[in-house]
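Undergrad: pasting the sequence and the predicted coordinates here, then a few questions.
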Amino acid sequence: MNPPANPKHTLEPQLSPVDVELNKMKATIGILSSETFSAPLLLSLKHIEEFVNEHVAVLVQRGLGELHAISDYQFTEHGADIMEDELPVIALSNIVLKYDPFTLEEIFFLKEKQFIIANAPPEIFTNEMIQFLNEKKITAAGINFLNLTNFQLQDTVKQLVSSVIFSGNMKRVIQFNPLFLKSIYCYNGEICHRAIAENTGVPWKDLAELCWNWN
């Protein structure tokens, strides 16, 4: 059957490539330590080992597991590399994970087109932070927007990170993954969360409109 002529609405992916595209053979995940007491780990040792077995490098900031009685040596046993502080982790990673919100300094040192996952309460953002995110074309997910229990957190973060790495195209991940539609607050430098935009006095864009062409 032929499609109807002149349909009222058509929904098609945008053709211009404005996303983080990663080859899994070159992907590196960086995990930063948290200063929050009893902060959960965003990836388990098993998850880390699974990524390493898929040829994805994992960098862990020294002391990440102290609150959980997990030594740096245990991370290395599961294939991770230990880095002394956060800046080398950020510099060498495509994807950066942190339980605490990113600080202004850490956002300043992000690389162009990185993907970051952390808690992102709207009230912590400043106009300067938003400017850096925009200049560096960062895509960012806020785990606090998903209302997860600690029990759900690790598997969800693993799913999000895996989707980015193994899909080859984050635009398609966002189009077809409800978790991204809920959690992404910055896409390729554009703010996609109304409260963050209003708090910092910048315009915001609907994530669906950034990822799809509505005709």
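TA: Right, received. Where do you want to start?
Undergrad: can you name the next helix or strand after the lengthiest helix in the chain?
TA: The residue-count maximum for a helix in the chain (DSSP state H) belongs to helix 150-167. Next along the chain after helix 150-167, taking DSSP states H and E as the criterion, comes helix 170-176.
Undergrad: look up the pLDDT of residue 66 for me, please.
TA: Here, the pLDDT recorded for residue 66 equals 88.
Undergrad: and residue 178, by the same measure?
TA: Confidence score, pLDDT, at residue 178: 85.
Undergrad: now the element after the helix or strand bottoming out on mean pLDDT in the chain, going C-ward?
TA: Between all helices and strands in the chain, the lowest mean by mean pLDDT, DSSP states H and E belongs to strand 11-13, at a mean of 36. Per DSSP H and E, the first helix or strand lying C-terminal to strand 11-13 is strand 28-31.
Undergrad: other SSEs contacting that following strand?
TA: strand 57-61, helix 86-92, strand 95-97 (3 or more CB pairs under 8 Å, 6 or more residues apart in numbering; DSSP states H and E). In this view, the C-beta of every residue, glycine as well, is placed from N, C-alpha and C.
Undergrad: mean neighbour count and distance to residue 114 added to these, as TSV?
TA: Shown next, in TSV, are the helices and strands packed on strand 28-31 (neighbours: other CB atoms under 10 Å; distance: least, CB to CB, whole Å):
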stretch	mean neighbour count	distance to residue 114
strand 57-61	22	13
helix 86-92	18	8
strand 95-97	25	6
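Undergrad: mind listing what's buried along the helix or strand residue 210 falls within?
TA: Counting by DSSP H and E, the element that carries residue 210 is helix 207-211. Of all the residues in helix 207-211, those buried under the rule 16 or more other CB atoms under 10 Å are 207, 210, 211.
Undergrad: returning to what we had before: check which residues of the longest helix of the chain are buried.
TA: 153, 154, 156, 157, 158, 160, 161, 162, 163, 164, 165, 167.
Undergrad: got a list of what residue 199 touches?
TA: Contacts for residue 199 (CB atoms under 8 Å, 6 or more residues apart in numbering) come out as 122, 123, 125.
Undergrad: pretty sure the second one sits in a strand.
TA: Pointing back at residue 123 there. No - counting by DSSP: H, G, I helix; E, B strand; the rest coil, residue 123 is located in no strand; its state is helix.
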